[in-house]
Structure formats: C-alpha cells, structure tokens
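A.B. asks: coordinates for the following, if possible.
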Amino acid sequence: MPALTARCKGCGRPIQGDALAALDAYWHPDHFRCAGCGAPIRETRFDIDAGRPWHESCFLRMKAPRCAHCGKPIAGARYQDPWGAWYCAAHAAELDRCPYCDRSIPPGGCAACRATAVTTPEQAQPIFTHVLHWCKQQGLRFAGARFRVQLYDQAKMSQAAGAPSSGVPLGFTRIATHFVGGQVLERKVLAMNLVRGLPAILFESLAAHELGHVWLGLHGVCVASKPREEGFCQYLSYRYLRQSADPAASYYAHRIEADEDPVYGGGFRAVRPRADQLGLPRFVSELAAPSQGRQRS
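C.D. replies: Model prediction:
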C-alpha cells in the first residue's frame with residue numbers, strides 16, 4: 001500500500017484505499033486505463049507503447065504491426081526487412097528474398113524492382129548517358145572513347161564474364177591495350193555490360209561503377225591493388241547514390257558502406273577517407289596525375 005500522500009497518475013488526486021502500482025507510478029485501480037479502448041486494465045499482463053498501457057487484445061488489434069504478406073496483426077516473433085516492412089515469423093521464413101533489394105517477396109518476384117526494371121537498350125541508353133554526364137562532372141574524362149552499355153541475361157553474363165553460375169556479376173568491363181615498340185598505341189573499351197532487369201537506381205549506380213573501370217583503363221591509372229581499384233569504383237557508385245533523389249538510393253548506399261567483402265567493402269573503406277577529404281573531382285585529379293606524367297614523358 002502506498003503512503004496516503006501518493007497521488008494517482010491518472011487523475012492526480014491522493015489515493016485512499018486500494019492502489020495499483022504500475023509504470024513507476026500509483027493509480028486508482030479504475031484509472032489505470034487502456035490507451036486504446038479507455039477501459040480499466042484488470043489483467044496482470046499488458047502492453048506498453050510510448051509509455052502508455054494497452055490491453056494485449058487492443059494493442060494487437062490497433063497498434064501491432066501487420067504482416068506485409070498476409071495483412072494480419074503480428075503477435076509474437078516478427079521480422080522487419082531493410083525497407084521497414086514487417087513479417088510474421090512464418091512468412092519471414094517462407095518467402096524468398098529479392099537478390100537486388102533484399103525485400104521478402106512472393107513467388108511472383110519483387111514488384112518494387114520490377115516496376116523500374118531496365119530491360120531494353122532503348123531504356124538503358126538514356127539512363128546510361130545521364131550517368132556518363134554525371135561522371136564527367138566529377139572530372140572523369142574518357143578520351144573521346146565511343147561505347148555503349150550492353151544488357152545481358154544472367155546466364156549469358158556468367159558466360160561472358162567467365163564467372164561461375166553461383167557468382168554472376170551484375171556488370172563487367174573489358175578494355176584492350178595495344179602496344180607498339182613497348183609504347184601504348186591505343187586503349188579501347190571492348191565491352192561494358194550490365195545484367196538485364198536491374199531496378200533503375202541499381203542500374204545507375206552500377207553504371208557509375210563500371211565507368212570508373214573505363215576511366216582507369218583508358219588512362220592507364222594505376223591504383224596499386226584490386227581492392228583499391230574496386231574501392232574507387234564503389235566510391236563513384238556511392239557518391240552517385242548519395243546525390244540521387246530516388247527513395248531507394250539510400251538503401252544501396254548503405255549496402256556499400258556495410259559491405260564486408262574485403263575487395264569491394266574493404267576497398268571502399270580504404271579509399272573513402274582521402275576521397276571525402278578532397279572531394280571527388282580533386283580526388284580524381286590526384287589519381288590521374290601520375291599517369292598523366294607518364295603519358296607526357
């Protein structure tokens with residue numbers, strides 16, 4: 001029993017007689033009420049939301065998250081995907097995950113990614129031209145090279161890239177260097193390919209990544225190691241995503257930041273401090289300086 005000076009948190013008046021202790025306060029039993037239905041809570045178990053008590057049944061009906069697949073309120077174990085959607089334990093285990101955006105998806109595939117999927121050259125080229133223009137604004141020059149992005153289905157991409165089916169790349173670039181008498185005569189883009197069906201913002205960020213490889217190859221820029229090469233290209237992709245107004249861009253940017261792969265994620269984290277310090281255009285100039293000196297000599 002509380003002292004006679006204890007006051008009910010519900011009405012603010014002194015409590016005389018029976019009292020209920022809950023949520024670090026005292027209450028008249030009839031004043032400890034559900035935030036949902038307003039009726040007194042008589043049960044010993046109740047839910048709390050924003051510091052207010054709820055009947056378990058009211059909370060489940062009015063406040064509990066609903067499964068994005070079946071639409072039912074979720075009681076008990078639940079899973080939240082990277083996009084904020086909730087799933088009950090049964091459907092979280094049952095549904096596949098989109099290979100691009102990591103959403104839980106029904107058998108028909110990911111509707112969100114399919115809505116902006118880049119599937120034809122006619123779709124791809126203007127998007128690619130936009131990304132190319134952005135890269136040029138960051139100081140990347142392509143020495144008058146003429147090239148187009150090509151789309152491949154995953155099976156053909158695996159074959160073209162020489163990758164196992166379990167590790168199909170989403171994009172790859174090949175550049176040929178021709179020598180005469182030990183001197184570089186020409187560097188030429190042989191292929192710049194991306195997987196068909198990528199959601200638009202992922203297509204754009206991968207195009208920026210592959211254009212990084214094109215720029216490094218055309219100018220003979222040496223970045224010392226595979227992680228630093230991929231790290232530079234990932235940084236281009238990351239900066240492109242950070243300036244994008246697409247709502248999905250922040251998810252893909254965070255995925256680059258959190259990537260645990262030692263080549264791609266580790267390379268990005270190795271390159272990022274210097275690139276952030278200088279800003280991307282100055283960082284590009286710094287990388288290009290040694291190769292420009294070699295070309296003049």
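A.B. asks: hang on, isn't Ala248 packed against Glu204?
C.D. replies: No: applying CB atoms under 8 Å, one finds Ala248 not in contact with Glu204, separated by 10.5 Å. C-beta coordinates here come from the backbone N, C-alpha and C atoms, glycine included.
A.B. asks: pick out whichever of the two has more residues nearby.
C.D. replies: Shown here are Ala248 and Glu204; by other CB atoms under 10 Å, Glu204 has more neighbours (24 against 20).
A.B. asks: contacting residues for the more buried one?
C.D. replies: In this structure, Glu204 makes contact with Ile127, His130, Val131, Tyr240, Ser244, judged by CB atoms under 8 Å, 6 or more residues apart in numbering.
A.B. asks: got the phi and psi for it?
C.D. replies: Torsion angles at Glu204 (phi, psi; degrees, to the nearest 10) stand at phi -60, psi -50.
A.B. asks: pLDDT score for it?
C.D. replies: Glu204 is assigned 97 on the pLDDT scale.
A.B. asks: do you know how far it is from Pro14?
C.D. replies: As defined by CB to CB, to the nearest Å, Glu204 lies at a distance of 66 Å from Pro14.
A.B. asks: only C-alpha atoms, please: export stretch 74-88 in CSV.
C.D. replies: Extracted C-alpha coordinates of stretch 74-88, given in CSV (Å, rounded to 0.1, in the frame of the first residue of the first chain):
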residue,chain,number,x,y,z
ILE,A,74,1.6,-9.9,-35.7
ALA,A,75,1.6,-11.4,-32.2
GLY,A,76,5.0,-12.8,-31.1
ALA,A,77,8.1,-13.2,-33.1
ARG,A,78,8.4,-11.0,-36.2
TYR,A,79,11.0,-9.8,-38.8
GLN,A,80,11.4,-6.3,-40.2
ASP,A,81,13.1,-6.1,-43.6
PRO,A,82,15.6,-3.3,-44.6
TRP,A,83,12.7,-1.3,-46.0
GLY,A,84,10.7,-1.2,-42.8
ALA,A,85,8.1,-3.9,-43.7
TRP,A,86,7.1,-6.3,-41.0
TYR,A,87,6.5,-10.1,-41.4
CYS,A,88,5.2,-12.7,-39.1
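A.B. asks: grab the nearest non-local neighbour of Asp18.
C.D. replies: Here the nearest residue to Asp18 in space, its sequence neighbours aside, is Pro29; by CB to CB, 6 or more residues apart in numbering that works out to 5.8 Å.
A.B. asks: count of neighbours near the one you found?
C.D. replies: Using other CB under 10 Å, Pro29 is surrounded by 15 other residues.
A.B. asks: who touches it in this structure?
C.D. replies: Pro29 touches Asp18, Ala19, Leu20, Pro40, counting by CB under 8 Å, 6+ apart.
A.B. asks: now do Asp246
C.D. replies: Ala200, Ile201.
A.B. asks: can you pull the pLDDT of it?
C.D. replies: Looking at Asp246, its pLDDT reads 93.
A.B. asks: and it, how far is that from Cys101?
C.D. replies: Counting by CB to CB - Asp246 and Cys101 are separated by 12 Å.
A.B. asks: anything in contact with each of these two?
C.D. replies: Common neighbours of Asp246 and Cys101 (CB under 8 Å, 6+ apart) do not exist.
A.B. asks: show me where the stretch 101-250 of the chain has its helices.
C.D. replies: Assigned by DSSP state H, counting those that start in this stretch, the helices in the stretch 101-250 of the chain fall at 111-115, 121-137, 154-161, 200-218, 226-243, 249-258.
A.B. asks: buried residues, the second one. List them.
C.D. replies: Judged by neighbour count using 16 or more other CB atoms under 10 Å, the buried positions of helix 121-137 are Gln123, Ala124, Ile127, Phe128, Val131, Leu132, Trp134, Cys135.
A.B. asks: rebuild those residues as TSV, extending it with distance to Arg33 and pLDDT.
C.D. replies: Formatted as TSV, the buried residues of helix 121-137 follow (distance: CB to CB, whole Å; pLDDT from 0 to 100):
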residue	distance to Arg33	pLDDT
Gln123	57	95
Ala124	60	95
Ile127	56	95
Phe128	61	94
Val131	57	96
Leu132	63	94
Trp134	57	97
Cys135	61	96
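A.B. asks: identify, from these, the entry nearest to Glu94.
C.D. replies: For the buried residues of helix 121-137, the closest approach to Glu94 (CB to CB) belongs to Gln123, at 32.9 Å.
A.B. asks: where does the prediction get shaky in the stretch 51-200 of the chain?
C.D. replies: Where the stretch 51-200 of the chain drops to pLDDT under 70, the residues are 158-168, 176-187, 190.
A.B. asks: go with 80
C.D. replies: Scanning the stretch 51-200 of the chain for pLDDT under 80 picks out 76, 143-147, 154-168, 174-191.
A.B. asks: cool, thanks, talk later.
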